[in-house]
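A.B. asks: Got a predicted structure here, sequence first:
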Amino acid sequence: MFTLSICIPTFNRCNHLANCLNSIILNIGYNKNNVQICVSDNCSTDETESVVRHAQKKIDIVYRKNTKNLGVTRNFLNVINMADGKYVWLIGDDDLLMPNTFERLLEIIDQNNSVDFFYINSFHLTTEYVFEQHQPFDTKNLPLKMERFSEWRISGQMNFLELIDPKISFDFLGGIYLSVFNREKWIDNTHVLNNEAIYDEKIFSHFDNTFPHVKIFANAFSNSKAYFHAEPLSINLSGAREWAPMYPFIRSVRLIEALDEYHKNGLPYKTYWRCKNFALRNFIPDMVYTFVYKKESGYEYIKFFKLLFSNWLYPEFYWSFFRLAFRKFNNLFGGHNS
């Protein structure tokens, strides 16, 4: 059995996928027997299959092309079901791996063999920078300075629920691409997902088709040991997500629901309150945005009165209004000071 399976769901993003697979090819070296690569192609109509076939000349890739588009969530679940590794790392087709990632990650796993969940820091990089370089992108050409996803600098073991802290993960593990997890525990807990939700083709229409991994993580790993690795081993591209107009909705609605799920599975109330207060820091601006851009923002999935009733006790709920007012005031009058 492989120690690690890299799982990549993809759909019609062959240029991104070519760079992702190239970063794996540059990385894998002598680790081919310990690392498995899986790609689930969600019935792409571009050159995705050709990109994979070309990469298969250099590395082994388990490739499956769906006969029809399964939707984001089911393709995401499908690629994990293709894996054989003890641990799974699901990465985006636009993600890149840092040089020596496999060597370092396998060492971390070996040194922490009682751990079920590893949270691996990542760098941010713009899509524009990557595509300004020679293609496929070579990670030797990375800029000297990149922003970290998490500013927490202390690596080490902790209880899983201690990761639910904005100092470590400001999106409370919402971005799955930083998570390396025990595959068997994942599979044993996929039953918690609502089938109606994951078969709904409307993107982010339910919590379960927005953050299926959070629901599984909360149920599978709440009593597990975790490990946070502060030094980034991957690069996450900004500007490469087609669902970006729905980000305010995800941030101020779905992330709150994620915290509810952790709380149901043992997150202490004090931590839950602190994290929820943090999550509400953009609540009013985000709700205004979803109202203004109704057609593309996720507005139809919001139950406003329920949201107001459940959030009004938190200070950041009110401070978010003043931040919005200050920004509007500054936009109106700030330019006259020059």
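C.D. replies: Okay, I see it.

A.B. asks: ok, residue 157 - how many residues close by?
C.D. replies: Number of residues near residue 157 (other Cβ atoms under 10 Å) recorded here: 13. Yep, even glycine has a C-beta here, placed from its N, CA and C like the rest.

A.B. asks: Mind giving me the packing neighbours of the helix or strand harbouring it?
C.D. replies: Assessed by DSSP states H and E, residue 157 sits inside strand 156-159. Secondary-structure packing of strand 156-159 (3 or more Cβ pairs under 8 Å, 6 or more residues apart in numbering; DSSP states H and E): strand 225-238.

A.B. asks: The strand it packs on pairs with which strands, and in what direction?
C.D. replies: Using DSSP bridges, strand 225-238 pairs in its sheet with strand 96-97 (antiparallel), strand 117-126 (parallel), strand 156-159 (antiparallel).

A.B. asks: Packed most tightly, which of these would that be?
C.D. replies: Of all the strands paired with strand 225-238, strand 96-97 has the most neighbours on average by mean count of other Cβ atoms under 10 Å, namely a mean of 26.

A.B. asks: for the record, mean pLDDT for it?
C.D. replies: The average pLDDT for strand 96-97 rounds to 98.

A.B. asks: Tell me the buried residues in stretch 57-65?
C.D. replies: 61, 62, 63, 64 (16 or more other Cβ atoms under 10 Å).

A.B. asks: One more: stretch 75-87?
C.D. replies: Result for stretch 75-87 [16+ other Cβ under 10 Å]: buried residues 75, 76, 77, 78, 79, 80, 82, 83, 85, 86, 87.

A.B. asks: Give me the subset of those residues lying in strands.
C.D. replies: residue 87 (DSSP state E).

A.B. asks: Which members of the buried residues of stretch 75-87 occur in helices, if any?
C.D. replies: 75, 76, 77, 78, 79, 80 (DSSP state H).

A.B. asks: can you list those in a markdown table and add distance to residue 275 and pLDDT?
C.D. replies: Listed next are those as a markdown table, based on distance: Cβ to Cβ, whole Å; pLDDT from 0 to 100:
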| residue | distance to residue 275 | pLDDT |
| --- | --- | --- |
| 75 | 29 | 97 |
| 76 | 24 | 95 |
| 77 | 26 | 97 |
| 78 | 31 | 97 |
| 79 | 29 | 98 |
| 80 | 26 | 98 |
